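K.L.:
below are the sequence and a predicted model; questions follow.
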Amino acid sequence: MSTLENTDGEPLPWKEIIGKAAHDMRTPLSCMRTTVEVLRMLASSEQDTRMIEILEKQIDSLAAQVNDLVNDPRAYLPGGSRSRH
């Protein structure tokens with residue numbers, strides 16, 4: 001059975017595939033956000049704080065990309081607005 005098929009061997013609709021992938025990506029992003037919050041509480045220098053801010057921005061960027069993928073998956077197809085990124 002392919003990962004793009006259900007248990008009966010029927011192809012999954014692309015929206016369902018994207019939804020499952022988005023869920024699988026959001027779970028580790030949530031864990032990363034929680035970890036960064038803990039790191040922020042433990043930060044002991046300005047350098048620590050700056051690095052945490054960089055991590056937060058990168059996590060936000062990944063989360064936005066996941067949301068964009070769910071909201072407009074065609075943008076990620078060849079020729080789409082995000083296909084060159």
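P.N.:
Ah, there it is.
K.L.:
mean confidence score for the lengthiest helix in the chain?
P.N.:
Of all the segments of type helix in the chain, defined by DSSP state H, the longest one is helix 14-42. For helix 14-42, mean pLDDT is 92.
K.L.:
mind listing what's buried in the very next helix or strand once past it?
P.N.:
Beyond helix 14-42 in the direction of the C-terminus, DSSP states H and E gives the next helix or strand as helix 46-71. Residues of helix 46-71 classed as buried: 52, 55-56, 59, 63, 66, 69-70 (neighbour count, 16 or more other C-beta atoms under 10 Å). For every residue, glycine as well, the C-beta is placed using N, CA and C.
K.L.:
now, which of those sits nearest Asp8?
P.N.:
Val70 (25.1 Å; C-beta to C-beta).
K.L.:
residues contacting the closest one?
P.N.:
Shown in contact with Val70 (C-beta atoms under 8 Å, 6 or more residues apart in numbering): 18-19, 22.
K.L.:
in CSV: the residues you listed, plus distance to Glu37 and neighbour count.
P.N.:
Compiled in CSV, those are given as follows (distance: C-beta to C-beta, whole Å; neighbours: other C-beta atoms under 10 Å):
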residue, distance to Glu37, neighbour count
Ile18, 28, 17
Gly19, 27, 15
Ala22, 22, 16
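K.L.:
with respect to Gly79, which of those is nearest?
P.N.:
Ile18 (17.8 Å).
K.L.:
list the contacts for the closest one?
P.N.:
Residues near Ile18 by C-beta under 8 Å, 6+ apart: 69-70, 73.
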